[in-house]
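**Q** Everything below, folded, please.
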Amino acid sequence: MNKILKWSGMVGGGILALLLLALFGLSFSVSTRLDRRYDIAPEPVVIPTNLAAIEEGRRLVTIHCTGCHGANVGGADFFNDPALAVIDAPNLTRGQGGAGAHFSDADWVRAIRHGIDPTGRPLLIMPSRNYYHFSDEDLGEVIAYLKHAPPVDHETNDRSTTLLGRVLVAVGAFGNLIDAETIGHTAVRPSAPAPGATAAYGKYLADTFGCSTCHGPQLAGGKDPDPVAPPGPNLTPGGNLGSWNEQTFLTAIRTRKSDWMPFEALNQMSDEELLALWRYLQSLPGLETVAVQ
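**A** Numbers count the residues shown, from 1 in each chain. Next up, the predicted model:
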């Protein structure tokens, strides 16, 4: 009996040791991925200086950036769970603690389009896979505004992650959080269609806005990586939008509120842009809704 108990204890101890080894291995893999250096010489982007372009950049920043970085892009408490991680959305202005105080034009392009910080390390949670599609004109206007945004003095917290947090990132519990790993940094730049109320331009808007993050790669249903997020509806004609018309769509964007659907950001789009988005969604095949857990 004693031999059996001793053997059981050895087996249990061995399993525990293997489990701990696996956990530390997963944690180390994420630390290694976040410490990787990317040597990227970003393509030059013309940064306009005229007031009209800067104002358009403000509108684009309101659509794409303020949801995480705050209404004044001065930084915000993005994720705060001591058991997992403390991650702030950085201050993007020229104020104390802001990236704008020291970012060069190339640094802005590298961060927004490639998900890389000025040291070459990958950014965490920055959705550069969406912004990689930005046209040079739109990206230039975004950077133009960030360089002129009113300075905000705000020191954000350095990123910190726990063992458990790194393990969950490693197993994909929150989706892919390191976009620099999946972007084709040296690939031919995707071309952007001319602005207009067309399905082609609507696809460009859907890609840069990141609709697939919550609604799935085919927009037939998906889920935000946040574990408590509800399923994202099917946006193809096979879903509820199949019974809508363009006015129903415009009214919904202009009037609805949601904790998960970013109606406030979409409401910054012009009617022409929303019509383009509607026409793109209507051009998709009517797919059955993808069931998500």
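
**Q** number of nearby residues for Asp35?
**A** Residues contacting Asp35 under the criterion other C-beta atoms under 10 Å number 9. For every residue, glycine as well, the C-beta is placed using N, CA and C.

**Q** Find the residue closest to it in space, skipping its chain neighbours.
**A** Arg121 (6.5 Å; C-beta to C-beta, 6 or more residues apart in numbering).

**Q** pretty sure Gly74 contacts Thr93?
**A** Yes: judged on C-beta atoms under 8 Å, Gly74 makes contact with Thr93 at a distance of 5.6 Å.

**Q** Pick out whichever of the two has more residues nearby.
**A** More crowded of Gly74 and Thr93, by other C-beta under 10 Å: Thr93, with 26 against 22.

**Q** Now do the SS call for that one.
**A** Following DSSP: H, G, I helix; E, B strand; the rest coil, the label given to Thr93 is coil.

**Q** Start the count at 36 instead of 1 going forward.
**A** Sure, I'll start numbering at 36, so the last one becomes Thr128.

**Q** Contacts only, for it.
**A** 107-109, 134-136, 181, 184-187 (C-beta atoms under 8 Å, 6 or more residues apart in numbering).

**Q** swap the cut-off to 6 Å and go again
**A** Thr128 makes contacts with 108-109, 135, 184, 186-187, as judged by C-beta atoms under 6 Å, 6 or more residues apart in numbering.

**Q** which strands and helices sit next to the helix or strand encompassing Gly237?
**A** For Gly237, the host element (DSSP states H and E) is helix 234-244. Applying 3 or more C-beta pairs under 6 Å, 6 or more residues apart in numbering; DSSP states H and E, we find helix 234-244 packed against helix 306-318.

**Q** How far off centre is the helix it packs on?
**A** Helix 306-318 sits 22 Å away from the centroid of its parent chain (C-alpha atoms, centre = their mean, to the nearest Å).

**Q** Same check on stretch 81-91?
**A** Centre-to-centre, stretch 81-91 and its host chain are 24 Å apart (C-alpha atoms, centre = their mean).

**Q** what's in contact with that stretch?
**A** Applying C-beta under 6 Å, 6+ apart, the contact partners of stretch 81-91 are 140, 175-176, 178-180, 183.

**Q** Show me what counts as buried in it.
**A** Residues 82-83, 88-89, 91 are the ones in stretch 81-91 that count as buried (16 or more other C-beta atoms under 10 Å).

**Q** swap in stretch 143-151?
**A** Buried positions in stretch 143-151, judged by neighbour count with 16+ other C-beta under 10 Å: 143-151.

**Q** for stretch 283-290, same thing?
**A** 284-285, 288.

**Q** could I get these as JSON lines with secondary structure?
**A** Formatted as JSON lines, the buried residues of stretch 283-290 follow (three-state DSSP):
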{"residue": "Phe284", "secondary structure": "helix"}
{"residue": "Leu285", "secondary structure": "helix"}
{"residue": "Ile288", "secondary structure": "helix"}
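
**Q** Sweet, I'm off.
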